[in-house]
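Participant: just to be clear, the model below is a prediction. Sequence and coordinates:
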Amino acid sequence: MKTPASIRTFAPALLPLFLLCGIAIVSPFALANVETSSKSSNGSDGLSGANSANVSPRTYIVVSCNDGDTCRLKSPDNVTLKVRLVGIDAPEFGGKKKKGQPLSSESKSFINELVQGKSVTLNALGSDAYNRSLAEIYIGETNVNLEIVRAGLAEVYQGKPPKGLDAGAYARAEAEAKAARKGVWALTNYQSPKDFRKRNK
């Protein structure tokens, strides 16, 4: 871009005056070049933050699991998170006056052996009425929720699946467990946890 003739004419005459007053003269074109350089060196808009595709998943340590589908986790900054394993429903424990369902203890032991004390990541898909995070728990590439269903120690949750959940994978895992008569599917009078809760309110 050419400098206008009027600026070329008066600039040399005005320069001593600006210098005398201590005013620094910076070309707007030079500023634009500095900003562009900053963006290109840092990746995006002059920010040093990494691209979201390069950010590692947040990890948690599993403290313990209360039953086959509910666990307590801790974040690196020591925040406790209660997670309801989404897409599954494990046998219910009873209370002081109520007997629990068959294999409820086995379901709890299975998940604790799988995840307790280990580093995991989450695929969080919302929260429930009890303010628990609805999530799939992963150890590496292993989906823990699916492993419990495959073992026959939880059934597929009988409700509307949240957006983002691969319901087909859970249905296939349950079909495999049923065909092999694993866990609850070997019981003569199996009752769904959903029906158990209704009858024991």
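Facilitator: Done, it's in.

Participant: can you find the helix or strand in this protein with the smallest mean pLDDT?
Facilitator: helix 28-42 (a mean of 33; mean pLDDT, DSSP states H and E).

Participant: show me where this protein has its helices.
Facilitator: Taking DSSP state H, the helices of the chain run over residues 5-20, 28-42, 104-115, 144-150, 167-179, 193-199.

Participant: pLDDT (mean, whole number) over the fourth one?
Facilitator: Mean pLDDT, taken over the full extent of helix 144-150, equals 98.

Participant: buried sites along that helix?
Facilitator: Neighbour counts over helix 144-150 (16 or more other C-beta atoms under 10 Å) mark 144-150 as buried. No exception for glycine: its C-beta is placed from N, CA and C like everyone else's.

Participant: the last one too?
Facilitator: If you call a residue buried by 16+ other C-beta under 10 Å, then helix 193-199 has these buried ones: 193, 196.

Participant: and for that helix, what's in contact with it?
Facilitator: Where contact means C-beta atoms under 8 Å, 6 or more residues apart in numbering, the residues beyond helix 193-199 that reach it are 89-92, 101, 155, 158.

Participant: so among those residues, which ones count as buried?
Facilitator: 89-92, 101, 155.

Participant: now those residues as a markdown table including distance to residue 69 and pLDDT?
Facilitator: Formatted as a markdown table, the buried ones among the contacts of helix 193-199 follow (distance: C-beta to C-beta, whole Å; pLDDT from 0 to 100):
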| residue | distance to residue 69 | pLDDT |
| --- | --- | --- |
| 89 | 6 | 98 |
| 90 | 4 | 98 |
| 91 | 9 | 98 |
| 92 | 10 | 96 |
| 101 | 12 | 96 |
| 155 | 10 | 98 |
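
Participant: just the ones of the residues you listed in strands?
Facilitator: 89, 155 (DSSP state E).

Participant: dump the buried ones among the contacts of helix 193-199 to CSV, plus distance to residue 82.
Facilitator: Output for these, formatted as CSV (distance: C-beta to C-beta, whole Å):
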residue, distance to residue 82
89, 17
90, 15
91, 19
92, 17
101, 21
155, 21
